[in-house]
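1. using only what follows, build the 3D model:
(2 chains)
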Amino acid sequence: MAVSTTALLPRVAEGDPDAVQGVLDRYGSLVWTLVLRGVRDRSLAEDLVQEIFIDVWRSAARYRSKLGSEATFITTIARRRLIDQQRKKARRPEEEPVEEIEIPQEHEAFEGLLRREEAERALSALSELVPEQRRVLLLSIREGLSHSQIAELTGLPLGTVKTYIRRGLARVSEILQRGEEGKEERP
Amino acid sequence: MSDQAKQRLLDLLADRATFDLDPAEAQELERLLGEHPDVDGGELDHAASVLQILAAGTEREALPSGLRETLAASASGGARPAPRTAAPAAPAPAPAPVPRPEPAQGSLLGSPWLGWLAAAAALLVIVLNRGGGDAPTPEVAREALLARATDLVQIDWTRTEDANAGEVSGEVVWSDREQEGYMLFRDLPVNDPGVNQYQLWIIDGERAEPQPIDGGVFDSPSGASTLVVPIDAKLSVGRAATFLVTLERPGGVVVSEAEHVLTTAAVQ
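-> Modelled structure (predicted):
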């Protein structure tokens, strides 16, 4: 099953309070979980989530369904805020987990957040990467570490880290775009 | 585009998607994107967000109920944002005096219709200026932005103690949504463009990089006690947080040493 086809963000942009509740129902826990994992401080996470959703309300009119799910639109906004916060705190790389980041391999696990084909393609792209490259890419994406922090953490040369991230993300993007039609503005 | 240039562009887009661009790379990326408008710069950002959702896994914690209520309440202002005004707005510059014709017999003077007619005439002037072959003056364009922007920030300049600031005052108006804004100055000291020029910087509250965005180089010609200057942001501004005007060498600089910061305006 695909993501619900009922787009909420256009209605949020029109000031529909039911749509606001719908957005919080669908995506509130996703954003909260991402932020809580990123800052590991509930009080700070609450402040950050408020800033993120204010951005979401302000940007709602810019959402275009052809580009992807509402979840990815909102996640892009959340990532910007989260990375800003993480870089301000200048987290030490050695505090970060070094183990392999586990990802559920069934697209159904992301029902309601990603389109079925979107989840399948991204999982497929990740499976193509060698384990070390996948780990580096996910340390950057999930943990928000800078390339140099990842190099310090993993012991890999900075150039290798950059190549892993650049090529890995480009590969995921390339596979995600297969079959996509239309290109419009993203947040 | 050569394969090499395309690869460089993709590399920089991937760095941006993982928030790892330094200021020089950000400028390079902006230039490459400008040279290749067919490239969709958002594709790698989108891919990164999909991966972020996958990496978040399936164990998600519900929003705390108190926070949820706060978020819902914030939407009532967010969906229809009110202008954010950090300080009382400075009065608009006085329009140039124009001879006022004597009202004819049976004129609409004093009628409620007069306001509507005046508004319609002002709108027509703005529409004509925007749609005509001639670009609107900064003054007219500023007034149009003030009239239509729904997310306007309008902030008084705060003069620093730098000796070059003179008695400058005024305000800045900016719309994140429209990526348009104007600086209004009163008594900005006249500069010699061959010696130095003014340069605007915008600190973006949404960027991980600390380097401000170049907002354009400009001059203060003699004889202009009030000056309106369009903001020429060289990068997209996510959420303008602070505006600063510095005095730089002719042509401006890529990275300012901030030796002479003349005036600032912070969004609160």
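
2. from the chain's centroid, how far away is the one helix or strand B:A26 maps to?
-> Using DSSP states H and E, B:A26 maps to helix B:23-35. Counting by C-alpha atoms, centre = their mean, to the nearest Å, helix B:23-35 is centred 19 Å from the centre of its parent chain.

3. which strands or helices does the next helix or strand after that helix pack on?
-> Where DSSP H and E defines the elements, the next helix or strand beyond helix B:23-35 is helix B:43-55. With contacts defined as 3 or more C-beta pairs under 8 Å, 6 or more residues apart in numbering or on different chains; DSSP states H and E, the packing partners of helix B:43-55 are helix A:70-89, helix A:116-128, helix A:131-143, helix A:158-177, helix B:3-17. The way it works is simple: take the backbone N, C-alpha and C, and place the C-beta from them, glycine included.

4. ok, the fourth one near chain B or not?
-> What it means is helix A:158-177. Yes. Helix A:158-177 reaches chain B (C-beta under 8 Å from any C-beta of the partner chain) through A:K162, A:I165, A:R166, A:L169, A:A170, A:V172, A:S173, A:L176, A:Q177.

5. and those, which of them are buried?
-> By neighbour count, with 16 or more other C-beta atoms under 10 Å in any protein chain shown, the residues of helix A:158-177 next to chain B hold A:K162, A:I165, A:R166, A:L169, A:A170, A:V172, A:S173, A:L176 as buried.

6. mind putting those residues into CSV with pLDDT?
-> Shown next, in CSV, are these (pLDDT from 0 to 100):
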residue, pLDDT
A:K162, 95
A:I165, 95
A:R166, 94
A:L169, 93
A:A170, 91
A:V172, 91
A:S173, 90
A:L176, 86
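
7. buried residues in the helix holding B:A26?
-> Under the neighbour-count rule (16+ other C-beta under 10 Å), helix B:23-35 has B:P23, B:A26, B:Q27, B:L29, B:E30, B:L32, B:L33 buried.

8. quick check: pLDDT value at B:T150.
-> Looking at B:T150, its pLDDT reads 78.

9. ok, of the helices and strands packed on helix B:43-55, where does mean pLDDT dip lowest?
-> helix A:70-89 (a mean of 81).

10. mind listing what's buried along stretch B:242-250?
-> Within stretch B:242-250, the residues scored as buried using 16+ other C-beta under 10 Å are B:F243, B:L244, B:V245, B:T246, B:L247, B:E248.

11. now for the residue lying closest to B:E180 once chain neighbours are set aside: which residues touch it?
-> Sequence neighbours aside, B:L145 is the residue nearest to B:E180 in space, at 5.6 Å (criterion: C-beta to C-beta, 6 or more residues apart in numbering or on different chains). When contacts are counted by C-beta atoms under 8 Å, 6 or more residues apart in numbering or on different chains, B:L145 is found next to B:L152, B:V173, B:S175, B:E178, B:E180, B:G181, B:Y182.

12. pull out the buried residues from those residues.
-> Here, 16+ other C-beta under 10 Å leaves B:L152, B:V173, B:S175, B:E180, B:G181, B:Y182 buried among the contacts of B:L145.

13. let's see which of these end up in strands.
-> Among those, the subset assigned to strands under DSSP state E consists of B:L152, B:V173, B:S175, B:E180, B:G181, B:Y182.

14. ok, those residues vs A:L82, which is closest?
-> Comparing these against A:L82 with C-beta to C-beta places B:S175 closest, at 25.5 Å.

15. the closest one contacts B:L152, correct?
-> Yes. Taking contacts as C-beta atoms under 8 Å, B:S175 lies within contact range of B:L152: 5.5 Å.

16. any idea where the helices of chain B begin and end?
-> All helices of chain B, identified by DSSP state H, fall at B:3-17, B:23-35, B:43-55, B:65-78, B:113-131, B:138-148.

17. checking the residue of chain A found nearest chain B next. Helix, strand or coil?
-> Per C-beta to the nearest C-beta, A:W57 is where chain A lies closest to chain B, at 2.7 Å. Three-state call for A:W57 (DSSP: H, G, I helix; E, B strand; the rest coil): helix.

18. burial count for B:S225?
-> By the criterion of other C-beta atoms under 10 Å in any protein chain shown, B:S225 has 10 neighbours.

19. can you check A:H147 too?
-> What A:H147 shows, counting by other C-beta under 10 Å, is a neighbour count of 21.

20. where do the strands sit along the stretch 151-268 of chain B?
-> Applying DSSP state E, counting those that start in this stretch to the stretch 151-268 of chain B gives strands spanning B:152-156, B:158-159, B:169-175, B:180-186, B:197-204, B:213-218, B:226-230, B:240-248, B:261-266.

21. which one of these lies nearest to B:R60?
-> That would be, of these and by C-beta to C-beta, strand B:197-204, which comes in at 30.0 Å.

22. and B:L145, how close does it get to B:D176?
-> Distance of B:L145 to B:D176, given as C-beta to C-beta, to the nearest Å: 12 Å.

23. next one: B:A26
-> 18 Å.

24. do the longest helix along chain A and chain B meet at all?
-> Counting residues, the longest helix found in chain A (DSSP H) is helix A:17-39. Yes. Contact of helix A:17-39 with chain B (C-beta under 8 Å from any C-beta) involves A:P17, A:V20, A:Q21, A:L24, A:G28, A:S29, A:L30, A:W32, A:T33, A:L34, A:L36, A:R37.

25. mind listing what the first one touches?
-> What that stands for is A:P17. B:A72, B:A75, B:S76.

26. of all the residues you listed, which comes closest to chain A?
-> B:A75 (4.2 Å).

27. that closest one contacts A:V20, doesn't it?
-> Yes. The pair B:A75 and A:V20 qualifies as a contact (C-beta under 8 Å) at a distance of 4.2 Å.

28. overlap of the contact sets of the two?
-> In contact with both B:A75 and A:V20: A:V12, A:W57, using C-beta under 8 Å, 6+ apart.

29. skipping its backbone neighbours, what lies nearest residue 51 in space?
-> All of this refers to chain A. A:R81 (5.6 Å).

30. can you look at chain B instead?
-> That would be A:I141: by C-beta to C-beta, 6+ apart, it lies 4.7 Å from B:L51.
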